[in-house]
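Trainee: make a model of this:
(chains A and B)
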Amino acid sequence: MEIKNVPQDGISTFAGGRKAMYATDDEGKYGVVASSGWEVEEEATKQALHELERLADEAYEAVREGQMSPLYYHMYAQRMDLIVLSQSVGMFQWRIKRHFKPSVFNRLSDTLLGRYSEALGLSVDALKQLPEKESV
Amino acid sequence: MNTNTKEFTHQHAAHCESGVMSSMLSHYGLRLSEPMVFGLASALTFAYLPFVKLGGMPLIAYRTMPKAIIRGLQKSIGIKMNLEKFSKAQAGSLRLDALLDEGKIVGAQSSVFWLPYFPEEMRFHFNAHNLLIYGKEETNYQISDPVFEHTVEADEKALEKARFVKGVMAPKGLLYYPTYVPTSIDYEKVLPKAITKVAKSMLKTPVPIAGLKGIRSLAKNIRKLESKDRRYAKLFLGHIVRMQEEIGTGGAGFRYIYASFLQEASEILDNGTLFEASRMMTDVGDSWREFALLVAKSIRSKKNETIDFNAIAKKLESIADEETMVYKKLLTAF
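Mentor: Presented below is the predicted three-dimensional model:
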């Protein structure tokens, strides 16, 4: 890629940052150019973020309706899925799925809540409830 | 606590692991550009691993596995590295502080999600990010993260969390630093070896998921998306582009780094074939970006528009053909 073609789209996902790209000058010589991002990259990143948001929003509703425990929402809100959460807390997926049941979740020991709190980076109190949300 | 007395220069790099190694070796007296590090470690590859899932999506790698650059350099140019892992986070933090107190600069593996200086929208659960720690002021670590333009900071708690997450590619607090750095390199000997290794592994992998065969099997899977759920198909396509273009994992980016390396190598060895191969590799990088653009259009498409999966797969296959020519050329260079 030539230096003049290095994208400078100022994409939002970089939050003002720039990434290094290798590109050629007029003589074909390679060097590092700082790029403020490419729309294509922004599009792909946002698509992934939107999917995570969609899952978190659905989870939010399910928790509010009392079908699922708050753990289910926080998993998606922290950009995880069942596989990642299971690996992060070191518990089997079926066990975590049980904890998605409000009745089971409400009886969880402090030790178990502590493990979730550590893996999700949330306080135990925050873990036990849904955050306030105006519009979902 | 201490600040590092020896002057450290931050370098902005395209990829985390090659960037860290380039900065680190330069700091210890062996000036190597990022592309040279990447090339000498034979880090260019392609792998499509449908059974390794990241966020429900298959792993698509455009470079060798994490730590392969560190290991590759040990082999090819004879540096010696100490790699340390820890079972307890506290022990890992104490060790890091001790190394900084000795005046060392230290490479570390960490999760992206828990690094506070990463832009919010870039924070995904990827655990094999590399960065360099060059000092500590009170409770803040001074960090040279190669994919950032300037140096950054993270406090003790945040860095410890990022270094000790569990899960796929868990860093286990990995720290690394050189114990021996050679003063010079016998390029006549190591460059042909490193270059031939990449060309051969891309052309001749026995498994259908790696090298050029891997690119072709990904193309095959793109064709199969036709019969899959549309949302999944779009997510899958977007995922390929993210793996390719996102900070530190760039597929096209890696082709450009490698082209830059081939150019540098052609000058060092005064080798015209390498120069020609460098130009061809630049074109390959451009083709990867055209592919990404094509995919982006399909992601943007509306519900009633059809996605031409065949055209996307074809583009990918033409990239495989183009890359084949480069590696064949490289095998004639020495």
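Trainee: what is the lengthiest helix in chain B packed up against?
Mentor: Secondary structure assigned by DSSP state H gives helix B:272-300 as the longest helix of chain B. Packed against helix B:272-300, as judged by 3 or more C-beta pairs under 8 Å, 6 or more residues apart in numbering or on different chains; DSSP states H and E, are the following elements: helix A:39-64, helix B:230-245, helix B:251-269, helix B:309-331. C-betas here are computed from N, CA, C, even on glycine.
Trainee: with respect to B:Y28, which of those helices lies nearest?
Mentor: The closest of the helices and strands packed on helix B:272-300 to B:Y28 is helix B:251-269. By C-beta to C-beta, the value is 20.2 Å.
Trainee: let me know the angle separating that closest one from helix B:230-245.
Mentor: 20 degrees (axes from the mean of the first three to the mean of the last three C-alpha atoms, to 10 degrees).
Trainee: show me where the stretch 151-300 of chain B dips below the pLDDT cut-off.
Mentor: B:246-251 (pLDDT under 70).
Trainee: can you pull out the strands in the stretch 101-250 of chain B?
Mentor: B:106-110, B:129-137, B:140-144, B:152-155, B:175-180 (DSSP state E, counting those that start in this stretch).
Trainee: wait, chain A
Mentor: A:19-24, A:30-35 (DSSP state E).
Trainee: tabulate those strands in a markdown table, adding columns for distance to B:G39.
Mentor: Listed next are the strands of chain A as a markdown table, based on distance: least, C-beta to C-beta, whole Å:
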| stretch | distance to B:G39 |
| --- | --- |
| strand A:19-24 | 12 |
| strand A:30-35 | 12 |
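Trainee: rewinding a little: winner for burial among the helices and strands packed on helix B:272-300?
Mentor: helix B:251-269 (a mean of 24; mean count of other C-beta atoms under 10 Å in any protein chain shown).
Trainee: other SSEs contacting it?
Mentor: strand A:19-24, strand A:30-35, helix B:34-40, strand B:44-54, strand B:57-63, helix B:187-204, helix B:230-245, helix B:272-300.
Trainee: just the residues contacting the third one, thanks.
Mentor: So that's helix B:34-40. A:22, A:30, A:32, B:11, B:13-15, B:18-19, B:21-22, B:25, B:32, B:44, B:63, B:69, B:72-73, B:76-77, B:146, B:185, B:190-191, B:194-195, B:254, B:257-258, B:260-262, B:264-265 (C-beta atoms under 8 Å, 6 or more residues apart in numbering or on different chains).
Trainee: what's the answer for the fifth one, then?
Mentor: The contact list for strand B:57-63 (C-beta under 8 Å, 6+ apart) reads B:15, B:38, B:43-53, B:69, B:218, B:235-236, B:239-240, B:243-244, B:249-251, B:254.
Trainee: please repeat the previous calculation with a cut-off of 6 Å.
Mentor: Strand B:57-63 is contacted by residues B:A43, B:A47, B:Y48, B:L49, B:P50, B:V52, B:H239, B:M243, B:G251, B:F254 when judged by C-beta atoms under 6 Å, 6 or more residues apart in numbering or on different chains.
Trainee: and for the first one?
Mentor: Around strand A:19-24, the neighbours that count as contacts under C-beta under 6 Å, 6+ apart are A:1-3, A:6, A:30, A:32-33, A:35, B:12-14, B:247, B:256-257, B:260.
Trainee: and those, which two are the farthest apart?
Mentor: Top of the distance list for the contacts of strand A:19-24 (C-beta to C-beta): A:E2 and B:I247, 21.7 Å.
Trainee: more neighbours, the two?
Mentor: B:I247 (26 against 13; other C-beta atoms under 10 Å in any protein chain shown).
Trainee: just to revisit the earlier point, could you dump the helices and strands packed on helix B:272-300 into CSV and include distance to B:P178?
Mentor: Putting these into CSV (distance: least, C-beta to C-beta, whole Å) gives the following:
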stretch, distance to B:P178
helix A:39-64, 33
helix B:230-245, 30
helix B:251-269, 21
helix B:309-331, 29
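Trainee: of all those helices, which lies closest to B:A89?
Mentor: helix A:39-64 (26.9 Å).
Trainee: is any residue of the closest one near chain B?
Mentor: Yes: judged by C-beta under 6 Å from any C-beta of the partner chain, helix A:39-64 and chain B are in contact via A:V40, A:E41, A:E43, A:A44, A:Q47.
Trainee: relative to strand B:57-63, how tilted is that helix?
Mentor: Using the same axes, to 10 degrees, helix A:39-64 lies at 150 degrees relative to strand B:57-63.
Trainee: what angle separates helix A:39-64 from strand A:19-24?
Mentor: Using the same axes, to 10 degrees: helix A:39-64 against strand A:19-24 is 160 degrees.
Trainee: gap between helix A:39-64 and the chain center?
Mentor: 8 Å (C-alpha atoms, centre = their mean, to the nearest Å).
Trainee: and it with strand A:30-35, angle?
Mentor: Using the same axes, to 10 degrees: helix A:39-64 against strand A:30-35 is 40 degrees.
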